[in-house]
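In: Structure, please.
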Amino acid sequence: MRPAIDLEKVKSECLEPEPELRSTFSEEANTSSYYPAPAPVMDKYILDNGKVHLGSGIWVDEEKWHQLQVTQGDSKYTKNLAVMIWGTDVLKNRSVTGVATKKKKDAVPKPPLSPHKLSIVRECLYDRIAQETVDETEIAQRLSKVNKYICEKIMDINKSCKNEERREAKYNLQ
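Out: This next block holds a predicted model:
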């Protein structure tokens, strides 16, 4: 069972403007039709010494972060971000939830990914989606696929590893 996401909490944590921006908005907001443009996502994330702080002590390479921002689609974005945060070596030995697959009878559950880091992935995706739409239903629907995307990435990594092992075994036999 997947933990519920409190969108109001995520929204307030993600989109609360900095105090100096808040005062600027209120000064400029002298008409009822004024809506401040959302701050660019990069303004939220701290750059330091070639690294980007995603929150809660999680840092990623600045160049990779910039490449990630131009990635097309939620799926590819989420999968690439997961690799940036955990790396393929960690992902291949984990599962999203820590529950064994039902496809195999004797399957042993792998350790789950950190819920803390998963929340950072969701928050980053939320920030990205919020740049495109304010429709809460669409945002919730798109965020609900994060676990699925990461699961697909883990399966892709494991499939790639198995193919590599088969190739090596084939060459060792010759």
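In: which one is residue 78 nearest to, not counting chain neighbours?
Out: Leaving aside its sequence neighbours, residue 78 sits nearest to residue 149 (C-beta to C-beta, 6 or more residues apart in numbering; 4.1 Å). (Each C-beta comes from the backbone N, C-alpha and C, glycine too.)
In: List the buried residues for whichever strand or helix holds that neighbour?
Out: Following DSSP states H and E, one finds residue 149 within helix 146-173. Neighbour-count burial for helix 146-173 flags 146, 147, 149, 150, 153, 154, 157 (criterion: 16 or more other C-beta atoms under 10 Å).
In: what about residue 53, distance to residue 141?
Out: 28 Å (C-beta to C-beta, to the nearest Å).
In: Mind checking which of the two has more residues around it?
Out: Relative neighbour count places residue 53 above the other of residue 53 and residue 141, with 14 against 11, counting by other C-beta atoms under 10 Å.
In: Run a quick neighbour tally on the residue nearest to that one when sequence neighbours are not counted.
Out: The shortest distance from residue 53 to any non-neighbouring residue, by C-beta to C-beta, 6+ apart, is to residue 46 (4.1 Å). If you count neighbours by other C-beta under 10 Å, residue 46 ends up with 11.
In: I'd assumed residue 75 was in contact with residue 152.
Out: Yes - Residue 152 lies in contact with residue 75 (C-beta atoms under 8 Å); the separation is 7.5 Å.
In: any idea how far residue 45 is from residue 59?
Out: Separation of residue 59 from residue 45 (C-beta to C-beta) stands at 10 Å.
In: which residues are common contacts for those two?
Out: Residues touching both residue 59 and residue 45 (C-beta atoms under 8 Å, 6 or more residues apart in numbering): 52, 53.
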